[in-house]
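In: got a predicted structure plus its sequence, pasted below:
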Amino acid sequence: MEKLRRLAYWLPDLSSTEIKTHRANFNKLYNELNSIKDFLCDQAEGLYKFYKDTGSFYWSKERLYRNGPHHVSLVEVENLLKLYGADVNNVLNSVQTLIDLKNSKAISKAQITELNRKYDGFYYIFGDNRYRWSVVKMAQRVGNLKVLQSWKNQLGNFDTTGKEELKLNIEKWITKNSD
């Protein structure tokens, strides 16, 4: 890349405007090539992580979104449905009713206390367990364990299918290119 940059200064005798145009085009191309190089380096690093330690690779991808407030795992939803499946369907409606009553000031202190105890805008308490509100909403959308199981069946082993074959191909590529 640096050699190409040096060549740009040895352009034939052109007018000042033509040289500026060629240099601008060259710099644009140079920057695009660098972007492609950076992208390929990132992909190679990801493949190497996958080859060395699949757990580390998966975590490097998952950590980007896992801490988001709307991230919901199927395990969390399954846990909530197993423990409180019958109650989950009633929660959203009752919470929304209480919030509406609270906003209209037509709510008793006992109802406000109960609402504040069970729901703070981010979490809802079922028994002794606290669940993120996004998990409660997703559990209600899912509805029951049969629907959740059908989702799991459709996903299958998406994170392990072809894993060993990919590792083998990465190892071949590393061996071939290490000479």
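Out: Received, thanks.

In: surely residue 115 and residue 97 touch.
Out: No. Counting by CB atoms under 8 Å, no contact exists between residue 115 and residue 97, whose distance comes to 9.7 Å. (Each C-beta comes from the backbone N, C-alpha and C, glycine too.)

In: of these two, who's got more company?
Out: The neighbour comparison of residue 115 against residue 97 (other CB atoms under 10 Å) goes to residue 115, with 18 against 13.

In: what about the more buried one, which helix or strand?
Out: Take DSSP states H and E as the rule and residue 115 turns out to sit in helix 109-118.

In: which other helices and strands contact that helix?
Out: Contact analysis of helix 109-118 by 3 or more CB pairs under 8 Å, 6 or more residues apart in numbering; DSSP states H and E lists helix 74-103, strand 123-126 as its packing neighbours.

In: any idea of the mean pLDDT for that helix?
Out: The average pLDDT within helix 109-118 is 74.

In: can you check stretch 77-91 too?
Out: Per-residue pLDDT values over stretch 77-91 give a mean of 82.

In: what residues of stretch 136-148 count as buried?
Out: Along stretch 136-148, these residues count as buried under the neighbour rule (16 or more other CB atoms under 10 Å): 136, 137, 138, 139, 140, 142, 148.

In: can I get those in a markdown table including distance to residue 42, secondary structure and pLDDT?
Out: Putting the buried residues of stretch 136-148 into a markdown table (distance: CB to CB, whole Å; DSSP: H, G, I helix; E, B strand; the rest coil; pLDDT from 0 to 100) gives the following:
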| residue | distance to residue 42 | secondary structure | pLDDT |
| --- | --- | --- | --- |
| 136 | 36 | helix | 84 |
| 137 | 34 | helix | 83 |
| 138 | 31 | helix | 85 |
| 139 | 36 | helix | 85 |
| 140 | 38 | helix | 83 |
| 142 | 35 | helix | 83 |
| 148 | 34 | helix | 81 |
